[in-house]
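# Have a look; sequence and predicted model below, questions after that.
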Amino acid sequence: MNTRQRDEAYIAHTYKRFPVELVSGKGSLVYDENGKRYIDMGSGIAVTSFGISDDVWIGAVTAQLSKIQHTSNLYYSAPCAELAELLCKKTGMKKVFFSNSGAEANECAIKVAREYARRNLGEDHYKIITLEGSFHGRTVTTLSATGQEHYHEKFRPMTPGFLHVKPGDEKGLSKLFETEKIAAVLVECIQGEGGVIELDAGFAKAAQDIAHENGALFMVDEVQTGNGRTGALYAYENFGLRPDVVTTAKGLAGGLPLGAALLSEKVENVLGYGDHGSTFGGNPVAAAGALSILKRLDPDFLSKVKEKGAFLRKKFEFASGIEAVSGIGLMLGLKTVKPAAEVVAAAMEKGVLCLTAKDKVRLLPALNIPDGLLAEAAEIIKEAAAL
Ligand SMILES: *Cc1c(COP(=O)(O)O)cnc(C)c1O
């Protein structure tokens with residue numbers, strides 16, 4: 001059997017894969033089983049922040065691998081302590097809880113919100129408001145938080161305590177605070193899986209204010225938008241927000257599984273000994289990889305991400321078959337006249353890997369993709385989208 005046949009035979013059919021086996025790569029170039037070259041405009045869904053097999057990242061990861069690959073959270077370990085310090089110093093947050101994924105980072109945020117509200121607002125204040133069209137993960141509880149009914153259908157009963165409002169519906173949000181006992185509001189600044197849709201900045205600020213006026217927490221899911229993706233370290237900075245909890249994962253460790261919940265002063269001591277945990281969370285190899293990424297996300301680098309984003313966006317202006325461009329920095333969505341999946345398939349044929357998000361073509365290239373490759377990929381995507 002070849003890889004494709006073996007995969008079909010033995011892996012649960014939860015993923016509809018593209019008809020390509022990726023075997024190697026360097027930077028923003030990746031090669032399939034036949035040696036065909038692709039420009040990577042998806043980064044494994046915003047994960048390989050500095051591209052494939054980045055030398056600095058490999059150096060950091062292999063150095064840690066040859067020291068100690070796992071300690072458990074029963075012992076102190078330098079990489080995760082250093083990473084937590086760096087995350088706090090760069091964001092002004094006070095504490096970090098490490099997990100392995102975005103869903104788990106959100107699980108932590110949900111636990112923090114429930115316990116914070118139990119202490120400060122009362123036992124019955126456990127409801128969390130999220131937005132319609134949001135995506136917060138695949139565990140039963142983070143699916144419950146996810147404001148997309150079709151994800152819920154097969155797995156009921158959902159975890160109780162989640163309410164959804166339409167993005168932009170400030171009145172609806174206020175009303176929920178009058179009629180329900182709310183612990184927190186949780187939003188993505190740019191809905192990723194939901195179709196690369198930015199929140200209206202006025203609504204985002206209002207949501208934060210309404211939460212705070214009612215003693216509830218304002219929490220931002222930066223699993224996809226975080227770690228330099230939008231040209232800010234975290235996307236909430238673009239919106240002038242000051243969240244109480246920030247969750248992140250995907251690009252944090254540049255290709256190793258790592259999630260984090262960043263906790264502000266207000267909630268830094270909400271979870272105590274034994275209240276939460278993870279066997280692998282904060283693994284030293286993943287943390288060493290993350291340190292090598294985060295150290296490079298300085299203002300100079302981030303402004304280059306912004307420039308690359310503007311450069312890429314400009315390529316699609318007035319392009320045939322592209323009706324609109326959404327997103328910020330290097331997280332862009334193209335509303336195409338042709339079905340997005342068709343455009344992505346055509347681009348792949350021509351040597352560019354892109355993603356879809358609902359009805360959009362979604363672009364999430366490595367943050368350091370060279371301008372030449374960005375221009376080459378943009379031309380191919382335009383050809384694929386053209387009428
Ligand atoms: C991908 C994603 C998640 C889930 O992350 P996993 O690592 O797959 O658990 C949660 N929230 C957002 C916004 C995401 O994009």
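Happy to help now that I have it. Numbers count the residues shown, from 1 in each chain.
# Mind telling me what element the nearest residue to Pro284 once chain neighbours are set aside is part of?
Closest residue to Pro284 apart from its sequence neighbours, by CB to CB, 6 or more residues apart in numbering: Pro79 at 4.5 Å. For glycine as for every other residue, the C-beta is placed from the backbone atoms N, C-alpha and C. Using DSSP states H and E, Pro79 sits in helix 78-91.
# what's in contact with the helix or strand just after that helix?
As assigned by DSSP H and E, the chain's next helix or strand after helix 78-91 is strand 95-99. Contacts with strand 95-99, where a contact means CB atoms under 8 Å, 6 or more residues apart in numbering, come from 80, 83-84, 87-88, 105, 107-108, 249, 258-263, 268-269, 271, 276, 278, 281-282, 287.
# Tell me if strand 95-99 is near the ligand.
No - judged by CB under 6 Å from any ligand atom, strand 95-99 and the ligand are separated, with a smallest distance of 8.9 Å.
# Check which strands are paired with that strand and give the direction for each one.
Using DSSP bridges, the strands paired with strand 95-99 are strand 259-263 (antiparallel).
# Using CSV, write out the CA atom coordinates for the partner strand.
The C-alpha trace of strand 259-263 is given here as CSV (Å, rounded to 0.1, in the frame of the first residue of the first chain):
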residue,chain,number,x,y,z
GLY,A,259,-1.3,26.0,23.7
ALA,A,260,-1.4,28.8,26.3
ALA,A,261,-4.0,30.7,28.3
LEU,A,262,-2.6,34.1,29.4
LEU,A,263,-4.1,35.4,32.6
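# Could you verify my assumption that the residue nearest to Pro284 touches Leu294?
No - using CB atoms under 8 Å, Pro79 makes no contact with Leu294, being 11.4 Å away.
# Any chance you could list residues touching both of these two?
With CB under 8 Å, 6+ apart, Pro79 and Leu294 have no common neighbours.
# just to revisit the earlier point, give me the number of residues near the residue nearest to Pro284?
Per other CB atoms under 10 Å, the neighbour tally for Pro79 reads 24.
# before we move on, the earlier item: and the contacts of strand 95-99, which are buried?
The neighbour count (16 or more other CB atoms under 10 Å) marks 80, 83-84, 87-88, 105, 107-108, 249, 258-263, 268, 271, 276, 278, 281-282, 287 as buried among these.
# near the ligand, which of the residues you listed show up?
Applying CB under 6 Å from any ligand atom to those, those adjacent to the ligand are Ala249.
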